[in-house]
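Enquirer: next come a sequence and a model predicted from it.
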Amino acid sequence: MYLRAARDIAVSPATLWKALIAVTALAVLQAPTTSRDVFHYVALGRVAGIYGLDPYFALYPAVPGDPFLPFVWLGGQTSNYGPLAILVFVIAGWLSQLHPALGIVFLKLVGGGAHLASCWFVWRLAAALERPPARALFLVGFNPLLLHELVGNAHNDGLAVMLALAGVWLLHRERWRASGVIAWLPMLIKLSFMATSGATAVLLAIRRRFDALAIMIVSFTVVAVAFYVAVAPDLRPLLQITGPTASGRENSLFYFIELALSHANVDAAQTIVIHAVQIAMLLFVAIAAWRFTKIRSLDDLVAELAALLLALLLFGPRLWPWYLAWMLPFAVLSRSVRVRTVALWFSFSSLLLYLPSTHSTLRAAGILSALLVPAAEWLVPRRRAE
C-alpha cells in the first residue's frame, strides 16, 4: 500500500503535510518498543548532567540506587555517541529528575521534530534535483520503519540525518561556508556520518570554494581537539562500535555467513569472518575514495552517498534496522531507480530483523532478499530515473 500510494500522490502538498504532521504526532505518542535505547540515552544524560561525570568513562549507574535504573536495559557501558548527542541527553537527564517519563517525552519530541525537518529538506531538495517532490516527501515521511524507529523509539540517528540533509540543502543554496560547518555536525552524534562530511568536502574542493573548505577543516579540528583534550582523551569508547564483535553484528550478512560456516563444522569460523570483515571495510574505504572522485555536482553527491551508504548497510559489520535512516533520504533523492528500488525494499525486508535470534533463517532472509533485488534488476533493461 505504501509503495502503491507513492506512485500516484493525488492530494495537494498542504494535505500531504497535514497528514505527515498527524502520523508523526501519533508516532510520538507510541510507547518505545522493539528497542529501549531511548532509556539508555536518558541514563547517559544523567551520568553527565546529574552526577557531573564523564559518560565516556563512567559506567551507569554512576551512583548505586539511581532512581532511573529500573528503566535501563543496558548497564556497564560507556557512551559511544558524540558530544552533540550527549548534550541532548543531558537535557533529557535533567528532565527525568522531575519525572522519569519527561526525559523520554523530550527525546521523542526531538525525534519527531528532526523527522519533520528532514522531510522538509527532502521535499525541497527533490524539487531542486528535478525529482517529484510529493513522492519524495511521501517515501521518506510516511516510511513505517523511519516513523517507528526515529520517532517512536527516538533513535538519535534522526537528528544526525536531519543535520546531514541540512548541509546538502545549504550546498544547493550555495551557502558554502555554512554548509562546511553543518556538514561535520552529524559526526558529533555518530562517526558513521564521516561519509556525508567527506562528500561535502569533495564538492567544496571541486567548486573551488577553498575558503569554505578551510573553515570546515579548521572548525572541525578545533572542536575535535577540544573534545579530545577536555572530555575523551581515550577515543576507544567512541570507536567501540566499529569492532567486528560489537553489538549489532548479529544482524549483519557476515554473521549469517559465520553461522553457516559453524553449521558446516568449519574450524575458527568466527576468526575467518572477523578477517573477512576487516578486508571488506578496507575495500569499502578504497571504493568510497574512488567514487568520491566522480562527484562533480550536487546530483552526483546525492547519488554517490545513496549507493555507498546502501552498500555499507548491506555489507557492513553491524546493522540495526534504524541504520537505514542514514541512507533512505539520499536513495529517494538519487537519480538511480535501481538504488531507490533496493533501498525501499530493504526498508521493508529489514523488518525481519526484529524476529528473535532463534529465527536466524528468516532474519537472514531480510538481508539476502535485499541483495537479490539488485541481482534481479540486472536482468531487466535499465530504466531512466523518473
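Expert: Yes, it's here.

Enquirer: tell me the contacts of residue 93?
Expert: The contact partners of residue 93, taken as CB atoms under 8 Å, 6 or more residues apart in numbering, are 42, 43, 44, 45, 46, 47, 48, 49, 50, 103. Backbone N, C-alpha and C define where each C-beta goes, glycine included.

Enquirer: low pLDDT regions in the stretch 51-200 of the chain?
Expert: Scanning the stretch 51-200 of the chain for pLDDT under 70 picks out 60-62, 73-77.

Enquirer: helices of that one, start to end?
Expert: 83-98, 100-128, 133-141, 144-146, 157-172, 176-182, 194-206 (DSSP state H, counting those that start in this stretch).

Enquirer: reformat those as a markdown table; add distance to residue 278.
Expert: Listed next are the helices of the stretch 51-200 of the chain as a markdown table, based on distance: least, CB to CB, whole Å:
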| stretch | distance to residue 278 |
| --- | --- |
| helix 83-98 | 27 |
| helix 100-128 | 33 |
| helix 133-141 | 33 |
| helix 144-146 | 29 |
| helix 157-172 | 25 |
| helix 176-182 | 32 |
| helix 194-206 | 18 |
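
Enquirer: distance check, residue 348 against residue 120.
Expert: Distance from residue 348 to residue 120, counting by CB to CB, to the nearest Å: 24 Å.

Enquirer: cool, and residue 316?
Expert: With CB to CB as the criterion, residue 316 and residue 120 are 29 Å apart.

Enquirer: out of the two, which sits in the busier spot?
Expert: Neighbour tally, residue 316 and residue 120, criterion other CB atoms under 10 Å: the higher count belongs to residue 316, 22 against 18.

Enquirer: find the nearest non-adjacent residue to the more buried one, please.
Expert: residue 252 (6.4 Å; CB to CB, 6 or more residues apart in numbering).

Enquirer: surely that neighbour and residue 317 touch.
Expert: Yes. Using CB atoms under 8 Å, residue 252 is in contact with residue 317, at 5.7 Å.

Enquirer: picking up where we left off before, highest mean neighbour count out of the helices of the stretch 51-200 of the chain?
Expert: helix 157-172 (a mean of 25; mean count of other CB atoms under 10 Å).

Enquirer: and the contacts of that one?
Expert: Helix 157-172 has contacts (CB under 8 Å, 6+ apart) with 85, 88, 110-111, 114-115, 117-118, 121-122, 124-125, 128, 146, 149-151, 176, 178-179, 182-183, 185-186, 189-190, 192-193, 196, 200, 203, 298, 301-302, 322-323, 325-326, 329.

Enquirer: what about the strands in the stretch 251-386 of the chain?
Expert: Counting by DSSP state E, counting those that start in this stretch, one finds no strands in the stretch 251-386 of the chain.

Enquirer: tell me where it has helices.
Expert: Under DSSP H, counting those that start in this stretch, the stretch 251-386 of the chain gives helices at 253-263, 269-292, 298-315, 324-333, 337-349, 360-377.

Enquirer: now render those as TSV, adding mean pLDDT and mean neighbour count.
Expert: Below are the helices of the stretch 251-386 of the chain laid out as TSV (pLDDT from 0 to 100; neighbours: other CB atoms under 10 Å):
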stretch	mean pLDDT	mean neighbour count
helix 253-263	81	18
helix 269-292	86	15
helix 298-315	89	22
helix 324-333	94	26
helix 337-349	83	20
helix 360-377	64	16
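
Enquirer: mind putting those into TSV with distance to residue 224?
Expert: Output for these, formatted as TSV (distance: least, CB to CB, whole Å):
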stretch	distance to residue 224
helix 253-263	30
helix 269-292	19
helix 298-315	22
helix 324-333	21
helix 337-349	31
helix 360-377	34
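
Enquirer: out of those helices, which is closest to residue 17?
Expert: Proximity to residue 17 (CB to CB) singles out helix 324-333 among the helices of the stretch 251-386 of the chain, at 16.6 Å.

Enquirer: alpha carbons only: can I get stretch 287-298 in CSV?
Expert: In CSV, the C-alpha atoms belonging to stretch 287-298 read as follows (Å, rounded to 0.1, in the frame of the first residue of the first chain):
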residue,chain,number,x,y,z
ILE,A,287,35.9,2.2,-3.2
ALA,A,288,34.4,5.2,-1.4
ALA,A,289,37.5,7.3,-2.1
TRP,A,290,37.3,6.3,-5.7
ARG,A,291,33.6,7.0,-6.0
PHE,A,292,34.1,10.4,-4.4
THR,A,293,36.3,11.4,-7.3
LYS,A,294,33.2,11.1,-9.5
ILE,A,295,31.4,13.9,-7.6
ARG,A,296,31.1,17.0,-9.8
SER,A,297,27.6,18.3,-8.8
LEU,A,298,25.1,18.1,-6.0
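
Enquirer: and for that stretch, what's in contact with it?
Expert: Residues from elsewhere that reach stretch 287-298, judged by CB under 8 Å, 6+ apart: 128-129, 168, 171-172, 195, 198-199, 202-203, 206, 300-301, 304, 307-308, 311.

Enquirer: who touches the residue lying closest to residue 310 once chain neighbours are set aside in this structure?
Expert: In space, and not counting its chain neighbours, residue 310 is closest to residue 327: 5.1 Å by CB to CB, 6+ apart. By CB under 8 Å, 6+ apart, residue 327 lies in contact with 305, 306, 309, 310, 312, 313, 343.

Enquirer: pretty sure the fifth one contacts residue 284?
Expert: Right, the one you point to is residue 312. Yes. Applying CB under 8 Å, one finds residue 312 in contact with residue 284, separated by 6.4 Å.

Enquirer: what residues are shared contacts of the two?
Expert: Contact with both residue 312 and residue 284 is made by no residue, according to CB under 8 Å, 6+ apart.
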